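**Student:** Take a look and give me a structure for this.
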Amino acid sequence: MLARVFDNTLSSKLAKTVFEAMCAGEGSADEIIEKKGLKQISNSGEIEKIVDQVLAANPQQVTDYMGGKEKAFNSLVAR
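**Tutor:** Prediction:
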């Protein structure tokens, strides 16, 4: 798990999730990262594509946010 944090595959924040899953016997760090889709994306081109997809799929939230409703942003952010 630590190797995945150091090579930027996994964020330090998500390392806790992976550690808990490992302790629960769900598999190795790599298996858990793959199974749960936790691989960190650091390629700016990939990130831009995902942002464009999210914005295109949620035009009302974008309009609301651009109109000053800052809380509309929360519905566009994955947690």
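
**Student:** What separation do you get for the residue sitting furthest away from the middle of the chain and Lys16?
**Tutor:** Residue farthest from the centre of the chain, counting by CA atoms, centre = their mean, is Gly67 at 26.3 Å. Gly67 sits 37 Å away from Lys16, going by CB to CB, to the nearest Å. Any C-beta I mention is one placed from the backbone N, CA and C, and that applies to glycine too.

**Student:** Over to Gly25?
**Tutor:** Gly25 sits 17 Å away from Lys16, going by CB to CB.

**Student:** likewise Glu70?
**Tutor:** Glu70 sits 29 Å away from Lys16, going by CB to CB.

**Student:** Give the buried residues for stretch 50-67.
**Tutor:** 61-62, 64-65 (16 or more other CB atoms under 10 Å).

**Student:** I'd like the mean pLDDT over it, please.
**Tutor:** On average, the pLDDT along stretch 50-67 is 93.
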